[in-house]
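K.L.:
following is a predicted model, sequence given first.
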Amino acid sequence: MASTVKLAGVEAKRLELHLCTLELAAPAPHILASRVVGMGSLEMVQNVIEFGDALIADAGSIQIFHDFSEVSGYRAEARRVLVDWGVQNPDAIECTHVLFRSKIVAMGVSMATRLLGEQLTGYSKYPQFDAARAAAARR
């Protein structure tokens, strides 16, 4: 079921998925903002990729901001598919920023950094994450 909420100061699409709630928004034409509550799943990742591919088609390249601060864990396949999308689209995905609290998500970000390098930045605090998103919006 889909509904709308606010995310990053704009209207977002909210999806109630099997393992999580996913919110997706484009606060600027080149920015994908997501917020996830629950368990990261392949279904969630597929929705993020579909949304991101549509933004890339319009903007050429995007910056991604995932608020995973309420993610308790994730399915390994979900992490693999999301990281593969970044690896396969280095020119289209300028950078990915991930906010997290969970040690499991922190470990996943650390593992993904090995493949994505400087394309991926992790944050454990909102102010730094929000500042990076605000700077990207001013671009």
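P.N.:
Arrived safely, thanks for sending.
K.L.:
contacts for the longest helix seen in the chain?
P.N.:
Across the chain, the helix with the greatest residue count (assigned by DSSP state H) is helix 42-59. Contact with helix 42-59 is made by 13, 15, 17-20, 22, 24, 26, 29-32, 34, 36, 62, 64, 66, 75, 77-78, 81-82, 85, 89, 92-93, as judged by Cβ atoms under 8 Å, 6 or more residues apart in numbering. Heads up, the C-betas are built off the backbone N, CA and C, glycines and all.
K.L.:
give me the subset of these lying in helices.
P.N.:
Using DSSP H, 77-78, 81-82, 85 are the members of the contacts of helix 42-59 that sit in helices.
K.L.:
mind putting these into JSON lines with pLDDT, neighbour count and distance to G108?
P.N.:
As requested, these are arranged in JSON lines below (pLDDT from 0 to 100; neighbours: other Cβ atoms under 10 Å; distance: Cβ to Cβ, whole Å):
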{"residue": "E77", "pLDDT": "95", "neighbour count": "12", "distance to G108": "12"}
{"residue": "A78", "pLDDT": "95", "neighbour count": "22", "distance to G108": "9"}
{"residue": "V81", "pLDDT": "96", "neighbour count": "15", "distance to G108": "12"}
{"residue": "L82", "pLDDT": "95", "neighbour count": "25", "distance to G108": "9"}
{"residue": "W85", "pLDDT": "97", "neighbour count": "19", "distance to G108": "14"}
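K.L.:
what residues of stretch 87-97 count as buried?
P.N.:
Buried positions in stretch 87-97, judged by neighbour count with 16 or more other Cβ atoms under 10 Å: 89, 92-97.
K.L.:
kindly present the residues you listed as CSV, with separate columns for pLDDT and distance to G9.
P.N.:
What follows is the buried residues of stretch 87-97, written out as CSV (pLDDT from 0 to 100; distance: Cβ to Cβ, whole Å):
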residue, pLDDT, distance to G9
N89, 95, 26
A92, 97, 24
I93, 97, 22
E94, 96, 20
C95, 96, 20
T96, 97, 20
H97, 97, 16
